[in-house]
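**Student:** next come a sequence and a model predicted from it.
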Amino acid sequence: MNSYQKHSYRKTIFVSILLLLWLTLIAIALGSVESSNAQHIAPITLEQTLRKSEKLLLLDVRSKAEYDRGHIIGAVHVPFWTPWHITPLLSQRISPANQLNALAAPAAPLIIYCELGPRAGIVGLWLRLTGATKYAYLEGHMSHWRQLNLPTVPNADTH
């Protein structure tokens, strides 16, 4: 990596951290990261929906390491500190390499989850700020999904 690439990488990280802090401050000012009136879907309901092959878009906003250890089948990994990547995905619903699968139809419901909820709430806030209104959170997020022993898959790229 040359010095220009290092500088560009550092600048990207710095801007990402500033955006994250900004979103966090807005979320705190609004009183709750994941608002109580937000839509939620129960893990069992989501699992049944997936089993029926109904079309939906699952966003896993955890870290890459968490995603690699195990995620819900069909989930798209978009780390919460890069929410600007989500907006084009929602508007186009097309797949950059290995991101969105064929289930991501334009009318598909959007479900957001992280490990415990705060990161998904920040992404939800970002979506609200950019005008999106049709999304829901996985109730209890990934920790509850695992407690119920629902199926997960490791990221194939790490094995």
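**Tutor:** All right, it came through fine.
**Student:** does residue 145 touch residue 116 like I think?
**Tutor:** No. Counting by CB atoms under 8 Å, residue 116 is not a contact partner of residue 145; they are 11.4 Å apart. Glycine gets a C-beta too; all of them are placed from N, C-alpha and C.
**Student:** neighbour-wise, which of these two wins?
**Tutor:** The neighbour comparison of residue 145 against residue 116 (other CB atoms under 10 Å) goes to residue 145, with 23 against 15.
**Student:** lowest-pLDDT helix or strand in the chain?
**Tutor:** None of the helices or strands of the chain scores lower by mean pLDDT, DSSP states H and E than helix 86-92, at a mean of 55.
**Student:** quick check: what element follows it along the chain?
**Tutor:** strand 110-113 (DSSP states H and E).
**Student:** for that following strand, list the C-alpha coordinates in CSV.
**Tutor:** Below are the C-alpha coordinates for strand 110-113, written out as CSV (Å, rounded to 0.1, in the frame of the first residue of the first chain):
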residue,chain,number,x,y,z
LEU,A,110,-36.5,-4.9,4.8
ILE,A,111,-35.5,-6.4,8.1
ILE,A,112,-32.5,-5.0,10.0
TYR,A,113,-30.6,-6.8,12.8
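**Student:** ok but residue 126 is inside a strand, no?
**Tutor:** No. Judged by DSSP: H, G, I helix; E, B strand; the rest coil, residue 126 forms no part of a strand; its state is helix.
**Student:** surely it touches residue 22?
**Tutor:** No. Under the criterion of CB under 8 Å, residue 126 makes no contact with residue 22, lying 10.2 Å away.
**Student:** more neighbours, the two?
**Tutor:** residue 126 (21 against 10).
**Student:** for residue 48, see how far away that one is.
**Tutor:** From residue 126 across to residue 48, the span is 29 Å (CB to CB, to the nearest Å).
**Student:** so residue 66 makes contact with residue 113?
**Tutor:** No. Using CB under 8 Å, residue 66 is not in contact with residue 113; the gap is 10.8 Å.
**Student:** which residues are in contact with both of these two?
**Tutor:** Residues touching both residue 66 and residue 113 (CB atoms under 8 Å, 6 or more residues apart in numbering): residue 142.
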